[in-house]
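J.: mind looking at a prediction? Sequence and model below.
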Amino acid sequence: MPKTSSAQGRDFLSTGYSPPAEGAKAFFDKSHINFPLGFLDLHSVPEYFWIPAAYRPSSWSVDFSEMASGQLARAEALACSGCRHACHVMLYADTKTQLFGRIPIKHIILMQMRFDGLLGFPGGLVNPSKETLEAGLSRELSEELGVAIPISAENHMESCHAPASSPSSSHLITHFYVKKMEEEQIMEVERAAASTAADHGLEVLGMVRVPLYTMKGGGGLASFLSHSFIGNARSQLVDSLLRFNLVSPKELHKALTHSLKIHTHTAEDLQAALVLTEVKRKQF
């Protein structure tokens, strides 16, 4: 079993993870990793780093009920006294379509632009004392997407405490689901979300597809990952891309590396815009 550590550091794959809390059990000293990670060069990562769930050996599962991200067993999450619960789902489908007739899209993954300007997955608050998690999630999907989508316990991926940096995160437990659909079903969801969904234009500003390809100039997945996400939605997306083999580890690592560069340029642009705004403000 790898040695655990509460040392602070960064995730080697995703910019979406926060530094772990004291006693974290999924944050490892690289000198004690004794299994192949394939794409990971241990000489190029920090002394301590985060291993995404999709790449942890199954033999570790029992030892990870309380991880740096606050992950919980489903039963433990439901037994939490005084906690609020939110369920969200990643809907996806395979596709043979190509962008510009030459760039394979491969998979369609749906996310949404929220009312607060952040990207997230469809779903919302549920009340386990009055409904099952899955029934509550299906209800939220009907409101946000305009269609009834059955969700089962088999679609459940993880339950965890919401990141402390998330709005209204106090005592909030998030439950994440993944459901594969047919391409036509996904397209029907998109049509309904824009035409009949009760929350369209209010809590949900619009559905968006995740571009899983990388263009010559670096656009695509890297640019998408550089946007702002609600809570742990970005880490949920990254973990799911790996777990379901929707993007190769090498491609994802390349996209995240470029995404960090985009963040740097974005900060510079924002600073320039701030300076211009300050000049204009002083003129009035």
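T.: Everything's here; your move.
J.: point out where the stretch 51-200 of the chain drops to low pLDDT.
T.: 51-70, 165-170 (pLDDT under 70).
J.: residue boundaries of the helices in it?
T.: Secondary structure of the stretch 51-200 of the chain by DSSP state H, counting those that start in this stretch: the helices cover 74-78, 133-145, 183-195.
J.: which one of these lies closest to Gly206?
T.: helix 183-195 (7.2 Å; CB to CB). Every residue, glycine included, has its C-beta placed from N, CA and C.
J.: so what's Val178 bridging to?
T.: Judged by DSSP bridges, the bridge partners of Val178 are Met90.
J.: and it, how far from Arg243?
T.: Per CB to CB, to the nearest Å, Val178 is found 8 Å from Arg243.
J.: mutual contacts of the two, please.
T.: Taking CB atoms under 8 Å, 6 or more residues apart in numbering as the contact rule, Val178 and Arg243 both touch Met157.
J.: among the helices of the stretch 51-200 of the chain, which is the most enclosed?
T.: Of all those, helix 133-145 carries the top mean neighbour count, a mean of 21, counting by mean count of other CB atoms under 10 Å.
J.: tell me which of Val178 and Arg243 has more neighbours.
T.: Neighbour count, other CB atoms under 10 Å: between Val178 and Arg243, Val178 has more, with 19 against 14.
J.: what residues does that one make contact with?
T.: So Val178 contacts 89-90, 92, 155, 157, 240, 243-244 (CB under 8 Å, 6+ apart).
J.: of these, which pair is most distant in space?
T.: Most distant of the contacts of Val178, by CB to CB, are Val89 and Arg243, 14.3 Å apart.
J.: any idea how many residues pack against Gln98?
T.: 12.
J.: what about the closest residue to it other than its chain neighbours, how many residues close to it?
T.: Once flanking residues are discounted, Gln98 sits nearest to Pro104: 5.5 Å by CB to CB, 6 or more residues apart in numbering. Residues contacting Pro104 under the criterion other CB under 10 Å number 12.
J.: any idea how far Glu203 is from Leu145?
T.: Counting by CB to CB - Glu203 and Leu145 are separated by 12 Å.
J.: what sits closest to Ile151 if chain neighbours are left out?
T.: Leaving aside its sequence neighbours, Ile151 sits nearest to Glu134 (CB to CB, 6+ apart; 4.6 Å).
J.: of the contacts of Val178, which is the nearest to Pro211?
T.: Nearest member of the contacts of Val178 to Pro211, counting by CB to CB, is Tyr92, at 13.1 Å.
J.: now for the closest one: which residues touch it?
T.: 107-110, 178-181, 186, 244, 246.
J.: which members of those residues are classed as buried?
T.: Buried by 16 or more other CB atoms under 10 Å: 107-110, 178-179, 181, 186, 244, 246, out of the contacts of Tyr92.
J.: want to throw those residues into CSV with distance to His263?
T.: Output for the buried ones among the contacts of Tyr92, formatted as CSV (distance: CB to CB, whole Å):
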residue, distance to His263
His107, 25
Ile108, 26
Ile109, 22
Leu110, 24
Val178, 27
Lys179, 31
Met181, 32
Ile186, 30
Phe244, 26
Leu246, 23
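J.: so which of the contacts of Tyr92 are in strands?
T.: Of these, the ones assigned to strands by DSSP state E are 107-110, 178-180.
J.: which among the residues you listed gets closest to Ala77?
T.: Val178 (17.1 Å).
J.: count of residues packed around Tyr213?
T.: Considering only other CB under 10 Å, Tyr213 is surrounded by 17 other residues.
J.: returning to what we had before: ok, which of the helices of the stretch 51-200 of the chain comes nearest Ile230?
T.: helix 133-145 (13.6 Å).
J.: that closest one - contacts with which helices or strands?
T.: Applying 3 or more CB pairs under 8 Å, 6 or more residues apart in numbering; DSSP states H and E, we find helix 133-145 packed against strand 84-94, strand 123-126, strand 172-180, helix 183-195.
J.: closest to Leu252 out of these?
T.: Using CB to CB, the nearest of the helices and strands packed on helix 133-145 to Leu252 is strand 84-94, at 15.3 Å.
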